[in-house]
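K.L.:
following is a predicted model, sequence given first.
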Amino acid sequence: MPKTIDSSRLQALLEASRALVSELDIGALLQRIADLARSVIEARYAAVGVLDDRGRLAEFVYSGLDDETARKIGHLPEGIGVLGTIIEEGRTLRLEDVSQHPDSSGFPPHHPPMRSFLGVPIKGKGGTFGRLYLTDKIGRDAFDEDDESLATMFAAQSAVAVENARLYDEVASRSDQLGRRMAEIASVERVGGLLTSFRSLDETLEAIVVEACRLTGARRCGLGLVVEETGETVFRWTSGDEDAHQLTGLALHPGSSKAHFVMQRRRGEVVNDLLADTEIQQDTLSALGDSRRLVIAPLLLRDRSIGVLSVYNDVAARRFTDDDLTILQVLANQAVVAIENDRLQGALKDLAVLEERDRISRELHDGVIQSIYSVGLSLQGSLSTLARDPERARERIDEAIIELDNVVRDVRSYIFELRPSLVEEKGLAAAIKDLAQDFEVNTLAHTQLKVDEEACGSLPAGLETHVIQIVREVLSNIARHAGASRVTIEFLSSDGDLSLTIDDNGKGFELANVRPGHGLANIESRVMDLSGHLEITGLEKGATRHKVRFPAADAGAT
């Protein structure tokens, strides 16, 4: 029977137990168990071994051994010899000389000599998950029954502390997962709100790439769409760190990139080592800089893929998971909805234009054309009566003039109705952007805009119409004659003047050799109405600049 344990040792055990309960980090807790056990039980060395799911020694934390000695020993114990016996039998083992045990396999080189030994299981609710080892009793040759009792009580207290720490880790992990799920729901709601608002497609897709970066913790993100004419996937919407701009404009040739293989398979993918992926091309790797981790999701529209949404990280960042792919696919699906909504809205707009043209055509046919035909018949009749009854002929000619005035008035009213409705609904800046987008779709040329919205808002409606019609005429001429692949449109305010500048990189022309047509005459007429000045100049390599400058003060006063 063990003798009564000294009260001072019990007090030390109580204080050690309190210290253990306050520690919630598993790694720090195991080290503290080893340190406190060595102090309370008065051993030169102590260690805690943690078992894996198959009962093998998976982790070994020591106390009393200096770092230099541990470095020389090298690898930690693997759970063989005496340690293996304790693990297999699951009971306390107390030895006066550990080297004399039949299962002892000796110590590795540089290991300090150890004689007395005490091993106690650490048992929790789920069974034995670890062992407490103590060697070399201080002041005596061996550990006694009191030491064993203290070690057993300490192991029980350690088990409670480990259970608490593991529970804390699980709660924290689930809290993190819940926080992420809440962030994902909020993100989906934000993007969903954009889909049901009057935001432009650009604004919606820009918001989607920002959300993709935020939710996955990626350094950069890009959204690319397939160009039907060439089959290339071009990244136009990007977000992330200062190097994210490297993705902007990146064009991936069909069949030569990860993006195209993912679109062919119609299935997203997580790649945590781009260097080891055979579908990644060297040119693409160079464009990605130090990115080595990738999650990519296809944009699926019915039976085909129309693009990809991808996020990137460097090798030092955390590994992407299937959860990242799931949220990325949700955002990719929302991008498809936005793109399809934009296409349908464009189709509805085109249909409305066709219906309006049909209405005007009918009204012109039933009204204006019939009136002109009637005037023609009246004038023919006047010819036949001119010699016989000059007075009557004069009256009929006067009537024809009045009727022609009515026709002119009707035509003017139709022209007024045909004024760009977008200017009235959204303003000049939106109208210019709409024309640029239509030009880009129809010509495949890339357009860049720099529009001072404050300057646009300073113009009255009548002058807004002049500006938008000038933009329309210039873009129409570029589309028909220039063969440009890039166009820049600027509308800015400077020193009391407003300027409209349209640059293209087309083949250019010599103004002196061009016979002015209706389009150029229309531009010049509208520039005069703005009290402005028109310059058409050639730039390097055949590029052309159209620049209109007019006074802002006169514009506002008109």
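P.N.:
Okay, I see it. Residues are numbered from 1 along each chain as shown.
K.L.:
sec struct for F320, please.
P.N.:
coil (DSSP: H, G, I helix; E, B strand; the rest coil).
K.L.:
phi, psi for it please.
P.N.:
Dihedral pair for F320: phi -70, psi 150, per degrees, to the nearest 10.
K.L.:
residues contacting it?
P.N.:
For F320, the contacting residues are T216, V270, V271, N272, R293, L294, V295, V311, N313, by Cβ atoms under 8 Å, 6 or more residues apart in numbering. Backbone N, C-alpha and C define where each C-beta goes, glycine included.
K.L.:
check V527 too.
P.N.:
Contacts for V527 (Cβ under 8 Å, 6+ apart) come out as H466, I470, H533, L534, V548, F550.
K.L.:
and the two most separated of these?
P.N.:
H466 and H533 (13.8 Å; Cβ to Cβ).
K.L.:
just the C-alphas of stretch 431-440, formatted as PDB.
P.N.:
Output in PDB follows, covering the C-alpha atoms of stretch 431-440 (Å, rounded to 0.1, in the frame of the first residue of the first chain):
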ATOM      1  CA  ALA A 431     -24.800  57.000 -74.100                       C
ATOM      2  CA  ILE A 432     -21.100  57.200 -75.000                       C
ATOM      3  CA  LYS A 433     -20.400  54.000 -73.100                       C
ATOM      4  CA  ASP A 434     -23.300  52.300 -74.900                       C
ATOM      5  CA  LEU A 435     -22.000  53.300 -78.300                       C
ATOM      6  CA  ALA A 436     -18.500  52.100 -77.400                       C
ATOM      7  CA  GLN A 437     -19.800  48.700 -76.300                       C
ATOM      8  CA  ASP A 438     -21.900  48.300 -79.600                       C
ATOM      9  CA  PHE A 439     -18.800  49.300 -81.600                       C
ATOM     10  CA  GLU A 440     -16.700  46.700 -79.700                       C
END
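K.L.:
how many neighbours does the residue nearest to A479 when sequence neighbours are not counted have?
P.N.:
Excluding the flanking residues, the one nearest A479 by Cβ to Cβ, 6 or more residues apart in numbering is T443, at 5.2 Å. T443 has 18 neighbouring residues, counting by other Cβ atoms under 10 Å.
K.L.:
how about the one 3 residues further on?
P.N.:
Around H446 there are 15 other residues, counting by other Cβ under 10 Å.
K.L.:
I'd say it and A484 touch.
P.N.:
No. Applying Cβ atoms under 8 Å, one finds H446 not in contact with A484, separated by 9.5 Å.
K.L.:
can you check what pLDDT the model gives T544?
P.N.:
Listed pLDDT for T544 reads 91.
K.L.:
swap in G224?
P.N.:
Listed pLDDT for G224 reads 92.
K.L.:
contacting residues for it?
P.N.:
Going by Cβ under 8 Å, 6+ apart, G224 touches T233, V234, F235, R236, L250, L252, A259, G307, V308, S310.
K.L.:
pretty sure it sits in a strand.
P.N.:
Yes. With three-state DSSP as the criterion, G224 is part of a strand.
K.L.:
partner residues bridging it?
P.N.:
Note on G224: beta-bridge partners by DSSP bridges are F235, V308.
K.L.:
residues making contact with stretch 466-483?
P.N.:
With Cβ under 8 Å, 6+ apart as the contact definition, stretch 466-483 has outside contacts at 420, 423, 428, 431-432, 435-436, 439, 442-443, 459, 484, 487, 489, 491, 500, 502, 504, 506-509, 519-520, 522-523, 526-527, 529-530, 544, 546, 548.
K.L.:
residue contacts, the residue most central in space within the chain?
P.N.:
By Cα atoms, centre = their mean, the chain has its centre lying nearest to V209, at 2.2 Å. Taking Cβ under 8 Å, 6+ apart, we find V209 in contact with C221, G222, L223, W237, T238, S239, L309.
K.L.:
any idea which element the fourth one lies in?
P.N.:
The secondary structure element spanning W237 is strand 233-240 (assigned by DSSP states H and E).
K.L.:
so which elements touch whichever helix or strand comes after that strand?
P.N.:
Sequence-wise, the next helix or strand downstream of strand 233-240 (DSSP H and E) is strand 251-252. Here strand 251-252 is seen to pack against strand 233-240 when contacts are counted using 3 or more Cβ pairs under 8 Å, 6 or more residues apart in numbering; DSSP states H and E.
K.L.:
give me the helices and strands touching the strand it packs on, please.
P.N.:
With contacts taken as 3+ Cβ pairs under 8 Å, 6+ apart, strand 233-240 sits against helix 201-216, strand 220-226, strand 251-252, helix 258-265, strand 304-314.
K.L.:
how about residues contacting the shortest one?
P.N.:
It stands for strand 251-252. G224, E232, T233, V234, F235, A259, H260, T284.
K.L.:
distance from it to the middle of the chain?
P.N.:
Taking Cα atoms, centre = their mean, to the nearest Å, the mean C-alpha location of strand 251-252 is offset from the chain mean by 18 Å.
K.L.:
what lines up beside it in the sheet?
P.N.:
strand 233-240 (antiparallel).
K.L.:
report the angle between the partner strand and helix 258-265.
P.N.:
For strand 233-240 against helix 258-265, the angle by axes from the mean of the first three to the mean of the last three Cα atoms, to 10 degrees is 110 degrees.
K.L.:
quick one: mean pLDDT for strand 233-240?
P.N.:
Strand 233-240 comes out at a mean pLDDT of 89.
K.L.:
swap in stretch 112-120?
P.N.:
82.
K.L.:
buried stuff in it?
P.N.:
Using 16 or more other Cβ atoms under 10 Å as the test for burial, stretch 112-120 gives M114, R115, S116, F117, L118, G119, V120.
K.L.:
out of the residues you listed, what pair is the most spread apart?
P.N.:
Most distant of these, by Cβ to Cβ, are R115 and V120, 17.9 Å apart.
K.L.:
now do the same end-to-end measure for stretch 315-329.
P.N.:
Counting by Cα to Cα, to the nearest Å, you get 23 Å between the two ends of stretch 315-329.
K.L.:
stretch 237-251 too?
P.N.:
Terminal-residue distance, stretch 237-251 (Cα to Cα): 12 Å.
K.L.:
just the buried residues of it, please?
P.N.:
For stretch 237-251, a neighbour-count test (16+ other Cβ under 10 Å) marks W237, T238, S239, G240, A244, Q246, L247, L250 as buried.
K.L.:
how far out from the middle of the chain is it?
P.N.:
10 Å.
K.L.:
beta partners for T447?
P.N.:
On the basis of DSSP bridges, T447 is bridged to V487.
K.L.:
ditto for A297
P.N.:
Beta-bridge partners, per DSSP bridges, of A297: L309.
K.L.:
what's the burial count for it?
P.N.:
When counting by other Cβ under 10 Å, one arrives at 27 neighbours for A297.
K.L.:
same check on the one 4 residues further on?
P.N.:
Other residues near L301 number 15, with proximity taken as other Cβ under 10 Å.
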